[in-house]
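S.K.: got a sequence here, can you build the structure:
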Amino acid sequence: MQSFSELPLSAEVARAIHDLGFEKPSPIQAETLPILLGDRTDFLGLAATGTGKTAAFTIPMLEGIEAGLRRVQALILCPTRELALQVAEQVSLLGRHKGVRPVAVYGGSSYVDQIQGLTGGASVVVGTPGRVVDHLERGTLKLDHLKTLILDEADEMISMGFKEELEKILSAAPRESSNIWLFSATMSREVRRVADEYLREPKLVQINRTEMLPSTIEQYYYPTAESNKPEILCKLIEAAEDFYGLVFCQTKSLVVDLAQYLHERGYKVDSLHGDKDQSSRERTMQSFRDRKVTILVCTDVASRGLDVKDITHVINYSLPRELDNYVHRIGRTARSGKTGIAMNLVTASHRRLVFQIENMTKTRMVEGKIPTRREIGARKVSRKFESFNDQPYFERALEVMDDQWKEALAKMTPEEVAARFLTSMMPEVFNDKQSEKSRLESKPRASGPSVAAIAPPLPQAVPARAVAAPRPLRTETEPRAEMPPRFERARPEMKSRSESRSGSRSDFRPDFRRENRAAMPPRGRFQDRRSEKRARPMARPGYTGPRESVRPEPQVPGEQLNRRARRALKFGVPYNEPGEQRRQAD
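M.R.: Residues are numbered from 1 along each chain as shown. All right, here's what the predicted structure looks like:
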């Protein structure tokens, strides 16, 4: 299939496809649409994010919806809020001429608006599993007229812990009148079990691994140490022609620290991670789409479902622990046939992951060269030329120049004037001290790879009064001052703890301590008690000396021996009756 016009589409859906500019279907769309537009059937599609799966299941879903029936006819489940909102937007665009308006239900937002949308006759519901289960239990979401149940990124939903919620939703769907379409990036054991249990004779479409990575993505890796990553990241961003992309980190704390570091360096940056509330996420994504923010530092929460046009770069500040996430990360760029660049900062301990990714994706990474400060400066100067040459208001600046400016410019050549102008605009490029200072400020602590110490504050200067004056150097003709012998030099008086307690240190000589023990200062009560214990004879009360061991025997059959008698009988030690012990004590 080479064009959407070859498909049996309704006029409303075909018009929406034309308005969106879709011309040639992607591989997953070319294989999926003829199947789903035919007879009703369960379906299993395996393809990575960014390959056009949303349109692959949205177009046939819209064709099966009755516009006049104000009941829920299609339910789409997504793993994250961002993906749910983007799928809802895509359904709204493709179904606007047919009058289909979806309702997005997800956690972190008000129930009131969602309940109004569900009870207002919504025909398509897009949501996350947890919030969908809540509405099912409340009775605000009814699936009596459901025709299509779609699981988008099923493997991600299971890995995020939504397995029980998925089973509840699948069990609540009417299997006699509905079909299940399952889309996943990988076929794990859990995904296979869900497909075998709930799908009935599904038709399968699988995109090979080599087709998951578009050929328009250029992949580079940069070997570096963990402490050098912040500075190298800045160099890569500055060396790019027009950087508009994502920086992926492994942890939330690393995302926050790295975003703060880049913000302090003057970049338009924001962060996206799981701890942000929904309103903050929406503001961040809107700013990124409007290009008010050109760098988005995020975790893997944005690796699936983040559909932003014209992303030029994806940088893996930390390689993912799960290799499948690498495909989802770099799939944010080079979408819809455009080109993109993927950069990876690799430490020596993670070098083996590069070979594993190459074997998995059947592609090759090129070792990149880190740009030098001189190369970055040359590129910045060339970019400034157009704005320098096309300044429309330079005549106003000439009017406010006084004689001091004119005299200074008269002594300079045009090249010197331009050089001074560029130096004042970009001091960090031409000032070695400034570059060294930024390098030192960007060096993290050696305690770990966390970027909480990417730019630790420099130690504060010591007050001038606390710094000793430097001793003047002795000249060759100046005689060396005579120093007294070492034994005659004045030594500072030091007072030990024993001296501060009771006089001179010499009073506590070992022989004095043995001969005059009674004259020693009194010790604490615990020490006195220990000394008394050492003075007592190491014997039990009532022990008068060695004697034959007495093995007591019960006087009366069945009489119980006391504890002392049992011990003497067991170990063969001397034994005395309690009355005899008291008499000996008297």
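
S.K.: what sits up against the host helix or strand of Gln404?
M.R.: Using DSSP states H and E, Gln404 maps to helix 403-410. With contacts defined as CB atoms under 8 Å, 6 or more residues apart in numbering, helix 403-410 is touched by Val417. Glycine gets a C-beta too; all of them are placed from N, C-alpha and C.

S.K.: now it: average pLDDT?
M.R.: The average pLDDT within helix 403-410 is 87.

S.K.: next: stretch 10-28.
M.R.: For stretch 10-28, the per-residue pLDDT averages 90.

S.K.: check stretch 60-79 too.
M.R.: Average pLDDT, stretch 60-79: 92.

S.K.: dump that stretch to CSV, restricted to CA.
M.R.: In CSV, the C-alpha atoms belonging to stretch 60-79 read as follows (Å, rounded to 0.1, in the frame of the first residue of the first chain):
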residue,chain,number,x,y,z
PRO,A,60,-10.2,1.8,11.9
MET,A,61,-11.6,2.6,15.4
LEU,A,62,-13.3,5.8,14.0
GLU,A,63,-14.7,3.9,11.1
GLY,A,64,-16.6,1.5,13.4
ILE,A,65,-18.1,4.2,15.6
GLU,A,66,-21.8,5.2,15.2
ALA,A,67,-21.9,9.0,15.4
GLY,A,68,-25.5,9.1,16.7
LEU,A,69,-25.0,6.6,19.5
ARG,A,70,-24.1,8.6,22.7
ARG,A,71,-22.5,5.7,24.5
VAL,A,72,-18.9,4.6,25.1
GLN,A,73,-18.0,2.6,22.0
ALA,A,74,-14.2,2.6,22.2
LEU,A,75,-11.8,2.5,25.1
ILE,A,76,-8.1,3.2,24.7
LEU,A,77,-5.7,2.4,27.6
CYS,A,78,-2.3,4.1,27.9
PRO,A,79,0.5,3.8,30.4
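
S.K.: off-centre distance for stretch 1-16?
M.R.: On the basis of CA atoms, centre = their mean, to the nearest Å, stretch 1-16 sits 42 Å off its chain's mean C-alpha point.

S.K.: now do the end-to-end distance for it.
M.R.: Separation of the first and last residues of stretch 1-16 by CA to CA, to the nearest Å is 19 Å.

S.K.: check stretch 88-106 too.
M.R.: One end of stretch 88-106 to the other measures 11 Å (CA to CA).

S.K.: cool, stretch 362-376 as well?
M.R.: End-to-end distance for stretch 362-376, by CA to CA: 33 Å.

S.K.: out of the helices and strands in the protein, which is least certain?
M.R.: Least confident helix or strand of the chain, by mean pLDDT, DSSP states H and E, is helix 525-535 with a mean of 44.

S.K.: below-threshold pLDDT in the protein: ranges please.
M.R.: Scanning the chain for pLDDT under 70 picks out the ranges 48-50, 208-212, 304-305, 336-337, 431-565, 568-586.

S.K.: how about the spatially most central residue of it: what's its closest non-neighbour residue?
M.R.: By CA atoms, centre = their mean, the mean C-alpha position of the chain lies nearest to Thr251, the distance being 1.9 Å. Once flanking residues are discounted, Thr251 sits nearest to Thr299: 7.2 Å by CB to CB, 6 or more residues apart in numbering.

S.K.: and the one you found, how close does it get to Glu63?
M.R.: Thr299 sits at a distance of 37 Å from Glu63 (criterion: CB to CB, to the nearest Å).

S.K.: in terms of neighbours, single out the busier of those two.
M.R.: Counted by other CB atoms under 10 Å, Thr299 and Glu63 do not tie: Thr299 has more neighbours, with 20 against 17.
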